[in-house]
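Student: Sequence plus predicted model, see below.
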Amino acid sequence: MKTKLQAIVGAEHVLTGEEAAPYLIDWRKRYVGKALAVVRPANTEEVAQVVKLCYDNDIPIVTVGGNTGMCGAATPDDSGTAVMISTGRLNRIREIDTANDTITVEAGYVLQNLQEAAREAGRLFPLSLAAEGSCTIGGNLATNAGGTQVLRYGNTRDLALGLEVVTAQGEIWHGLRGLRKNNTGYDLRDLYIGSEGTLGIITAATLKLYPLPVAQRTAMLAFNNLTDAVTMLSRARAGFGAALTGFEVMAGDVLKAVVECFPDQRLPFESESRDAPWFALLELSDSESAEHAQARFEEVLGQAIEDGVVIDAAIAESVSQSKALWHLRESIPLTEAGMGKSVKHDISVPISRIAEFVETTNAILQAQFPGVKNIVFGHLGDGNLHYNVGASPEHSDDEFLAQQSAVYKIVHDRVHEFGGSISAEHGIGQMKVEEMPRYKDPVELALMWSIKDALDPKGLMNPGKVLLR
Ligand code: FAD
Ligand code: 2HG
Ligand code: ZN
């Protein structure tokens, strides 16, 4: 097999042993697998040939992009039977069409480079997340990544117009259309988006571009409680409309942990507002002028402070101050990783019930696991919280992780009761695969299996992820 793979991609692009090791462990270091080899094809035709070879020989395939996924979706099992396909060399821009406001890129293109390429063309590619320096657009599409601008621009799905895909049988579907409207039958594009490599391999995509904002204003707001943060979100939506591009919430102790972990960063408040229990990072992107942005910002924030909804506001006075505020928010995942192992949740519930959800679920968890750390932050504007739970000081991480299923059950049962989703962002991967039958409608699950069996009849694409028989 190795020789056949080498014949397709070249000997130096078939990695085994030490060279393959970084691909066999996930970003959180929670899953370690084995593989026959990691293959690095240079183009779509090579991907198709590798997939065809695997299909003919019943070899499972695990696709990997930047390997920043949070749920072990790009890590193979430990059987050592899978071939991993890394998209790292599929890294060309194929076309920028500014008149159509689209960009066509290959799947291994790194998100930050894509944002920069769009900016150089005088456009915005709005997907933004803390892993943008290493995650790939293929991985973003495969996980339907969210990030911090979803409340204005939507998830990755909303940014994609067309896809090129290598099917599980090794055929190439040429679906790179830059059309905003196309009602010609079933939407295959939307099947591949969010399928976590379980249906086929995305090799390129045509994506939407937007106008660059003329001016931005950013502020960190302090609140007495989460209900007030939700009220502020509602006021910001009403006051800023489509100009509201970010509304990220974080518990006070989470923000404090960031500045403890990264002493070069500082909380933007001098007064007792530093001890506020909740903070939110708000961003306004204006399409008129800096003066217009400032006037809108002052009006809405001034009123909220006067009404006592916001107890304090630190408004960035420069681009570097704004970046520093965003840096605090984006440093949370690394801070959490440094705090030890935790049980992660990327849940969503209706925004109107989010405060009630957090308060009541915190209480249930504390009753069952006294002293656990509630590490709560996330994309309030999307109703999507990272409701993470860390070990109490009395227990080691490993003792706590032994209780992971029980913690999941408490949190996911609550989410279910609140009409929410057990995964609003990171996907199912292998981490939450056993939770699917518990919360998915049986008809929905059966339909998913029909799709899986139709598109991947031998079950070779990323087995054991998303759906488990
Ligand atoms: P990988 O981790 O390599 O793969 C993820 C999944 O996609 C796997 O199932 C893999 O098989 C599949 N896949 C990858 N490429 C392809 C392809 N070309 N075709 C088919 N399947 C493919 N996620 C969010 O949604 N919002 C956030 O705000 C966010 N923040 C993050 C912050 C940090 C610090 C980190 C480490 C991760 C964060 N993530 C976030 C999680 C992660 O989903 C995203 O980083 C990203 O979408 C994964 O892209 P990747 O290229 O690293 O994919
Ligand atoms: C974020 O919003 C990411 O920062 C990561 O989705 C969340 O680390 C997490 O739990
Ligand atoms: Zn997130």
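Tutor: Okay, I see it. Ligands and ions are numbered 1, 2, ... in the order given.

Student: Is stretch 199-214 positioned near ligand 1?
Tutor: Yes: using Cβ under 6 Å from any ligand atom, stretch 199-214 reaches ligand 1 at 201-202. Backbone N, C-alpha and C define where each C-beta goes, glycine included.

Student: got the CA coordinates for that stretch in PDB?
Tutor: Extracted as PDB, the C-alpha positions of stretch 199-214 are listed here (Å, rounded to 0.1, in the frame of the first residue of the first chain):
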ATOM      1  CA  LEU A 199     -19.100  11.700   3.600                       C
ATOM      2  CA  GLY A 200     -16.300  12.900   1.300                       C
ATOM      3  CA  ILE A 201     -13.300  15.200   1.100                       C
ATOM      4  CA  ILE A 202     -13.800  18.900   0.300                       C
ATOM      5  CA  THR A 203     -10.900  20.000  -1.900                       C
ATOM      6  CA  ALA A 204     -11.900  23.600  -2.800                       C
ATOM      7  CA  ALA A 205     -14.700  26.100  -2.100                       C
ATOM      8  CA  THR A 206     -16.200  29.300  -3.600                       C
ATOM      9  CA  LEU A 207     -16.900  31.600  -0.700                       C
ATOM     10  CA  LYS A 208     -18.700  34.900  -0.200                       C
ATOM     11  CA  LEU A 209     -16.800  38.200   0.300                       C
ATOM     12  CA  TYR A 210     -18.200  41.300   1.900                       C
ATOM     13  CA  PRO A 211     -17.400  45.000   2.000                       C
ATOM     14  CA  LEU A 212     -14.700  46.000   4.500                       C
ATOM     15  CA  PRO A 213     -16.200  48.100   7.400                       C
ATOM     16  CA  VAL A 214     -15.300  51.800   7.200                       C
END
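
Student: Now do stretch 362-375: distance to the chain's middle.
Tutor: Using Cα atoms, centre = their mean, to the nearest Å, the distance from the centre of stretch 362-375 to the centre of the chain it belongs to is 26 Å.

Student: Enumerate the positions of it that are buried.
Tutor: Going by neighbour count (16 or more other Cβ atoms under 10 Å), the buried part of stretch 362-375 is 362, 365, 369, 372-375.

Student: what about that stretch, how long is it end to end?
Tutor: Terminal residues of stretch 362-375 are spaced 10 Å apart (Cα to Cα, to the nearest Å).

Student: go on, stretch 234-247?
Tutor: Stretch 234-247 has an end-to-end distance of 10 Å (criterion: Cα to Cα).

Student: Around ligand 1, pick out the residues from the stretch 251-400 of the chain.
Tutor: Pro333.

Student: show me what contacts the residue in the stretch 251-400 of the chain that ligand 1 sits nearest to?
Tutor: Closest contact between the stretch 251-400 of the chain and ligand 1, by Cβ to the nearest ligand atom, is at Pro333 (3.9 Å). Contacts for Pro333 (Cβ atoms under 8 Å, 6 or more residues apart in numbering) come out as Ala130.

Student: where does it land on pLDDT?
Tutor: Turning to Pro333, the model gives it a pLDDT of 96.

Student: any idea which helix or strand carries it?
Tutor: helix 332-339 (DSSP states H and E).

Student: next one: that helix to chain centre, how far?
Tutor: Using Cα atoms, centre = their mean, the offset of helix 332-339 from its chain centre is 16 Å.

Student: What is the neighbour count of the closest residue to ligand 2 within the stretch 51-200 of the chain?
Tutor: At 5.1 Å from ligand 2, Ala130 is the closest residue in the stretch 51-200 of the chain, using Cβ to the nearest ligand atom. When neighbours are defined as other Cβ atoms under 10 Å, Ala130 has 17 of them.

Student: what separates it from Glu260, distance-wise?
Tutor: According to Cβ to Cβ, to the nearest Å, Ala130 stands 18 Å off from Glu260.

Student: what do you get for Gly17?
Tutor: Between Gly17 and Glu260 the computed distance is 39 Å (Cβ to Cβ).

Student: okay, those two: which has more neighbours?
Tutor: Neighbour tally, Gly17 and Glu260, criterion other Cβ under 10 Å: the higher count belongs to Glu260, 12 against 7.

Student: most centrally placed residue in this protein?
Tutor: The chain has Ala145 as the residue nearest its centroid, 3.8 Å off, counting by Cα atoms, centre = their mean.

Student: Would you check how far apart it and ligand 1 are?
Tutor: According to Cβ to the nearest ligand atom, to the nearest Å, Ala145 and ligand 1 sit 3 Å apart.

Student: again with Asp228
Tutor: 24 Å.

Student: so that residue makes contact with Val309?
Tutor: Yes: under the criterion of Cβ atoms under 8 Å, Asp228 makes contact with Val309 at 5.1 Å.

Student: what's near enough to touch the residue of the stretch 51-200 of the chain closest to ligand 2?
Tutor: By Cβ under 8 Å, 6+ apart, the contact set of Ala130 is 330-334.

Student: Apply 6 Å and report the result again.
Tutor: 330, 333 (Cβ atoms under 6 Å, 6 or more residues apart in numbering).

Student: From what I see, Ala290 and Ala215 are in contact.
Tutor: Yes: at 4.1 Å, Ala290 and Ala215 qualify as touching, with contact defined as Cβ atoms under 6 Å.

Student: and those two? which has more neighbours close in?
Tutor: Neighbour comparison, Ala290 and Ala215: the larger count goes to Ala215, with 17 against 12 (by other Cβ under 10 Å).

Student: and the more buried one, backbone torsions?
Tutor: Backbone torsions of Ala215, given as degrees, to the nearest 10, read phi -150, psi 150.

Student: Give the bridge partners for it, please.
Tutor: Here Ala215 shows beta-bridge partners Asp286, assigned using DSSP bridges.

Student: That one reaches Ser285, doesn't it?
Tutor: No: Ala215 is not in contact with Ser285 according to Cβ under 6 Å; the separation is 7.8 Å.

Student: ok, the residue nearest to Trp278 when sequence neighbours are not counted - how many residues close by?
Tutor: Distances taken as Cβ to Cβ, 6 or more residues apart in numbering place Phe223 nearest to Trp278, at 4.3 Å, with adjacent residues excluded. Using other Cβ under 10 Å, Phe223 has 24 neighbouring residues.

Student: how close does Phe223 sit to ligand 1?
Tutor: 22 Å.

Student: try Asn182
Tutor: 21 Å.
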